[in-house]
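Undergrad: got a predicted structure here, sequence first:
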Amino acid sequence: MKPIKVALLGCGTVGTQVVRLLDEQADDLAARAGAPIELTGIAVRRPDRHRDVPKDLLTADAAGLVASDVDVVVEVIGGIEPVRTLLLDALRAGKSVVSANKALLAESSGELFAAADESGADLYFEAAVAGAIPLLRPLRESLAGDRITRVMGIVNGTTNYILSAMDETGANYSETLEEASRLGYAEADPTADVDGYDAASKAAILASIAFHTRVTANDVYREGISAVTSADIVAARTLGRTIKLLAICERVGDSVAVRVHPAMIPRSHPLASVGGAFNAVFVEAEAAGQLMFYGQGAGGAPTASAVLGDLVAVARNRVHSGRGPRESAYAALEVRPIGQVRTRYHLSLDVADRAGVLASVAAVFAEHDVSIAAVRQEGRTADASLVIVTHAAPDAALKSTVDKVAGLPAVREVVSVMRVEGEES
Ligand SMILES: NC(=O)c1ccc[n+]([C@@H]2O[C@H](COP(=O)([O-])OP(=O)(O)OC[C@H]3O[C@@H](n4cnc5c(N)ncnc54)[C@H](O)[C@@H]3O)[C@@H](O)[C@H]2O)c1
Ligand SMILES: N[C@@H](CCO)C(=O)O
Ligand code: NA
């Protein structure tokens, strides 16, 4: 059988594991794909720095490698350019693409799928969301007959690693981030992780597939974890909650809402026990009900597992003259701004402990039509701590409420403001 020739773009954390697995599992992969899978070249920025992969395969000329006689291009470089141009060239020339690049897919999947359609090539990117966890394929294929209403979960390993350490050991933020980078979880520029851009890209990809609507990273409301303080973590713990960076994609009537932000969830919630670089995603569909996907969301070998799975799928399609799934954006639902999304807030305030303070705070909530679910006051000295948890209300109303409360004379400091998820609203 004629081999399937593969060009690998990038050979860092993920790429080196792809090379290893291609070599170690060559016979099994050939049997599963229906043809041998032959790695014909590896493009990297500095070929002299890669001693652990076959030297004769290395090149600094990624464009030349893409233009050479290959059937499939596997991209594990990351970022937008030059990758966007390289992959468009590959697809237009009929070469199938497997990519782990969520930043690019969340920005340019429309034009990449269009290029793939022109030539009949395939575009697969399971590794781009939640690493090793099979998630895009189940959403796109297994649930193709159902109506997905919500996708919610932890999709960034680096921030989950940091938040878990802060919660469990009170670890320091920047040291834990360095450790996550050393372990190969963080992006080349880790601000993509801590500021929520990585999770927002993944949320855009998930929402696009789940709701058959083109959603880009710009459509996603995004807050990262850099503003999460140890005071927030203590406030959460006091109420039996923990803090996680969540990606939430919801169908609301004929529109969708997609957001990424830290949120307090009950410690009894299944997402609360997802630690380290693990990811977990809940999917709710009308007929299927609730489904949960859990596993390693970052790291070289887990991500390479997803890349190899896609590579075998692409190779099979070549061998059997088949095609993989195309873009499905027919529903074209409107994306709602965050202000219209109904959420719950947890608010922790330092207030003066005197008569009428609680009434003045509560009046601001009433004025904005925000219903209070629970109030707790602690302290009998000049200062008291007031914790308020709201029922679900439009996010814009909650924001205005917090702004106005912060300006009340009796409020000395707004210590912590955090959305609350995973409880009855
Ligand atoms: N590391 C993870 O846990 C993980 C998980 C899922 C997805 N991803 C995605 O996989 C991709 C790669 O991540 P990584 O962690 O392996 O990155 P990395 O920084 O370890 O490796 C990047 C590789 O790309 C090469 N490269 C950079 N610019 C190049 C260019 N212009 N031409 C040719 N080669 C170039 C570098 O030489 C290096 O070999 C990214 O899109 C990332 O988002 C990573
Ligand atoms: N930097 C990403 C890699 C996996 O996509 C993370 O930490 O989840
Ligand atoms: Na995945």
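TA: Looks like it came in fine. Numbering: from 1, shown residues only. Ligands and ions are numbered 1, 2, ... in the order given.
Undergrad: so the spatially closest residue to Lys399 that is not a sequence neighbour, which of the three states?
TA: Take Lys399 and drop its neighbours on the chain: the residue closest to it by C-beta to C-beta, 6 or more residues apart in numbering is Gly339, 7.6 Å away. Just so you know, the C-beta spots here come from the backbone N, C-alpha and C atoms, and that holds for glycine as well. Reduced to three states with DSSP: H, G, I helix; E, B strand; the rest coil, the structure at Gly339 is helix.
Undergrad: Gly94 - how many residues pack around it?
TA: With neighbours defined by other C-beta atoms under 10 Å, the count for Gly94 comes to 13.
Undergrad: so what's it up against?
TA: Ser119, Gly120, Ala121 (C-beta atoms under 8 Å, 6 or more residues apart in numbering).
Undergrad: any chance you could list what contacts stretch 15-29?
TA: The set of residues external to stretch 15-29 that reach it, using C-beta under 8 Å, 6+ apart, is 6, 8, 11, 36-37, 39, 42, 44, 52-53, 74, 76, 300-301, 303-305, 307-308, 311-312, 315.
Undergrad: so which of these are also by ligand 3?
TA: Among the contacts of stretch 15-29, no residue lies close to ligand 3 (C-beta under 5 Å from the ion).
Undergrad: okay, and which of those map to strands?
TA: Among the contacts of stretch 15-29, the members found in strands (DSSP state E) are Val6, Leu8, Ile37, Leu39, Ile42, Val74.
Undergrad: list only buried entries from the contacts of stretch 15-29.
TA: With neighbours counted using 16 or more other C-beta atoms under 10 Å, the contacts of stretch 15-29 contain these buried positions: 6, 8, 11, 36-37, 39, 42, 44, 53, 74, 76, 300-301, 303-305, 307-308, 311-312, 315.
Undergrad: and the contacts of Gly94, which are buried?
TA: For the contacts of Gly94, a burial check counting by 16+ other C-beta under 10 Å picks out Ala121.
Undergrad: spell out which residues of this structure are next to ligand 3.
TA: Going by C-beta under 5 Å from the ion, the residues of the chain near ligand 3 are Glu126, Ala130, Ile133, Leu135, Ala306.
Undergrad: can you rerun that using 6 Å?
TA: If contact is defined as C-beta under 6 Å from the ion, the residues of the chain in contact with ligand 3 are Glu126, Ala127, Val129, Ala130, Gly131, Ile133, Leu135, Ala306.
Undergrad: quick check: the second one touching Ala100?
TA: Right, Ala127. Yes. In this structure, Ala127 sits in contact with Ala100. The criterion is C-beta atoms under 8 Å, and the distance is 3.7 Å.
Undergrad: shared neighbours of those two, anything?
TA: Shared contacts of Ala127 and Ala100, defined by C-beta under 8 Å, 6+ apart, are found at Val14, Val76, Thr303, Ala306, Val307.
Undergrad: which element follows the host helix or strand of Thr176 toward the C-terminus?
TA: For Thr176, the enclosing helix or strand under DSSP states H and E is helix 173-182. Read in the C-terminal direction, the helix or strand following helix 173-182 is helix 191-194, with elements assigned using DSSP H and E.
Undergrad: state the mean pLDDT of the helix or strand just after that following helix.
TA: Beyond helix 191-194 in the direction of the C-terminus, DSSP H and E gives the next helix or strand as helix 197-211. In this model, helix 197-211 has a mean pLDDT of 98.
Undergrad: quick check: Ile388 touching Val361?
TA: Yes. Contact between Ile388 and Val361 holds when scored by C-beta under 8 Å: they sit 7.3 Å apart.
Undergrad: identify the contacts common to these two.
TA: Common contact partners of Ile388 and Val361 (C-beta under 8 Å, 6+ apart): Leu349.
Undergrad: got the contact list for Pro82?
TA: When contacts are counted by C-beta under 8 Å, 6+ apart, Pro82 touches Ala62, Ala63.
Undergrad: backbone dihedrals for it, both of them.
TA: Dihedral angles of Pro82 (phi, psi; degrees, to the nearest 10) stand at phi -80, psi 0.
Undergrad: and for the one 3 residues further on?
TA: Geometry field for Thr85 lists phi and psi as phi -60, psi -40, criterion degrees, to the nearest 10.
Undergrad: ok, the residue in the stretch 51-200 of the chain positioned nearest to ligand 1 - contacts?
TA: The minimum distance from the stretch 51-200 of the chain to ligand 1, using C-beta to the nearest ligand atom, falls at Gly78 (2.9 Å). If you count contacts by C-beta under 8 Å, 6+ apart, Gly78 has them with Gly10, Ala100, Asn101, Ala103, Glu187, Ala188.
Undergrad: ligand 2 next: which of those are close?
TA: With C-beta under 6 Å from any ligand atom as the criterion, the members of the contacts of Gly78 in contact with ligand 2 are Glu187.
Undergrad: ok, the contacts of Gly78 vs ligand 3, which is closest?
TA: When the contacts of Gly78 are compared for distance to ligand 3, the smallest value, 9.0 Å, is given by Ala100; criterion: C-beta to the ion.
Undergrad: number of residues surrounding the closest one?
TA: Applying the criterion other C-beta under 10 Å, we find 26 residues in the vicinity of Ala100.
Undergrad: repeat that for the one 5 residues further on.
TA: Under the neighbour criterion other C-beta under 10 Å, Leu105 is assigned a count of 25.
Undergrad: list the contacts for it?
TA: Contacts were defined as C-beta under 8 Å, 6+ apart; by that measure Leu105 touches Ser99, Leu112, Phe125, Ala128, Ser201, Ile205.
Undergrad: sec struct for it, please.
TA: Per three-state DSSP, the secondary structure class of Leu105 is helix.
Undergrad: how about the one 4 residues further on?
TA: The local conformation at Ser109, judged by three-state DSSP, is helix.
Undergrad: the residue in the stretch 201-350 of the chain that ligand 3 sits nearest to - nearest residue in space that isn't next to it in sequence?
TA: Nearest to ligand 3 in the stretch 201-350 of the chain, going by C-beta to the ion, is Ala306, at a distance of 4.7 Å. Spatial nearest neighbour of Ala306, excluding adjacent residues (C-beta to C-beta, 6+ apart): Ala127 at 3.7 Å.
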